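> Give me a 3D structure for the following:
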Amino acid sequence: MSEWNYAFQLEYVARVLGALILGGIVGMEREYHEKPAGFRTHMLICMGAAIFTIISLMVGERFNQDPGRISAQIVSGMGFLGAGAILRDGVKVTGLTTAAGIWLVAAIGMAVGYGHYVLALSSVLLFLIAQVLLVWFERLLDRIRHRAIIRVRCPLEWHYSDDIRKAFEESGVRVVSVKPGKSAASLMLEFTVTGSASALQQATRLIIDMKGVEDVA
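Prediction:
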């Protein structure tokens, strides 16, 4: 192996290591918030994207082929991987931020693979800043919209949870999530909702008046 090739091999190893570190930084933020795709997942995705990008460069240089062909497959492949992180829980869809993070970390890995270190590092920093600002913004919205938890107790055989959702919608209340629970003699539906105080009061009155509803708290 010539000195020139040896130097380039070390450069590629440095790129993979850089992708490993940057992907790990993004993954630590996701791990801290206990998301399905955490530290190791983001680290491996970023490293894998960097390796595929480096291979595409090697193929382009050696065989005079379009290096973008492999990179294009990385983009579409991350779409399938990210889709696996998206789950639906009643009316709530979870995992969208995790899926977007997987897509982002693959892009960061590709940037490192192509040698664009400033772009990759800037992307990681912007991601962390955006996450902090988004959390602050969501808390501000919660204070404005009055996030609340409303528990509805009804008989075990009761199957009218859709009617409760309609009552919330008619009152201008948005349902964030629904968690069902059971006791010895009744079914407990826990609704996490957001809306104005008057809208929450109106929705509560509508639900109390429903046939079969035993209690609203």
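> show me where this structure has helices.
3-32, 39-63, 68-83, 96-113, 117-145, 161-170, 197-208 (DSSP state H).
> Columns distance to Val216, mean neighbour count and mean pLDDT on top of those helices, output as a markdown table?
(Glycine included, C-beta is placed from N, CA and C.) What follows is the helices of the chain, written out as a markdown table (distance: least, CB to CB, whole Å; neighbours: other CB atoms under 10 Å; pLDDT from 0 to 100):
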| stretch | distance to Val216 | mean neighbour count | mean pLDDT |
| --- | --- | --- | --- |
| helix 3-32 | 35 | 17 | 80 |
| helix 39-63 | 41 | 20 | 83 |
| helix 68-83 | 37 | 14 | 75 |
| helix 96-113 | 31 | 23 | 84 |
| helix 117-145 | 20 | 13 | 80 |
| helix 161-170 | 10 | 16 | 79 |
| helix 197-208 | 5 | 17 | 83 |
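> Any chance of JSON lines for the ones you listed, columns distance to Val178?
Listed next are the helices of the chain as JSON lines, based on distance: least, CB to CB, whole Å:
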{"stretch": "helix 3-32", "distance to Val178": "25"}
{"stretch": "helix 39-63", "distance to Val178": "28"}
{"stretch": "helix 68-83", "distance to Val178": "23"}
{"stretch": "helix 96-113", "distance to Val178": "18"}
{"stretch": "helix 117-145", "distance to Val178": "18"}
{"stretch": "helix 161-170", "distance to Val178": "7"}
{"stretch": "helix 197-208", "distance to Val178": "13"}
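> Of all the ones you listed, which one is nearest Met188?
Taking CB to CB, helix 161-170 is the member of those nearest to Met188, at 11.4 Å.
> Which other helices and strands does that closest one contact?
With contacts taken as 3 or more CB pairs under 8 Å, 6 or more residues apart in numbering; DSSP states H and E, helix 161-170 sits against strand 174-182, strand 186-194, helix 197-208.
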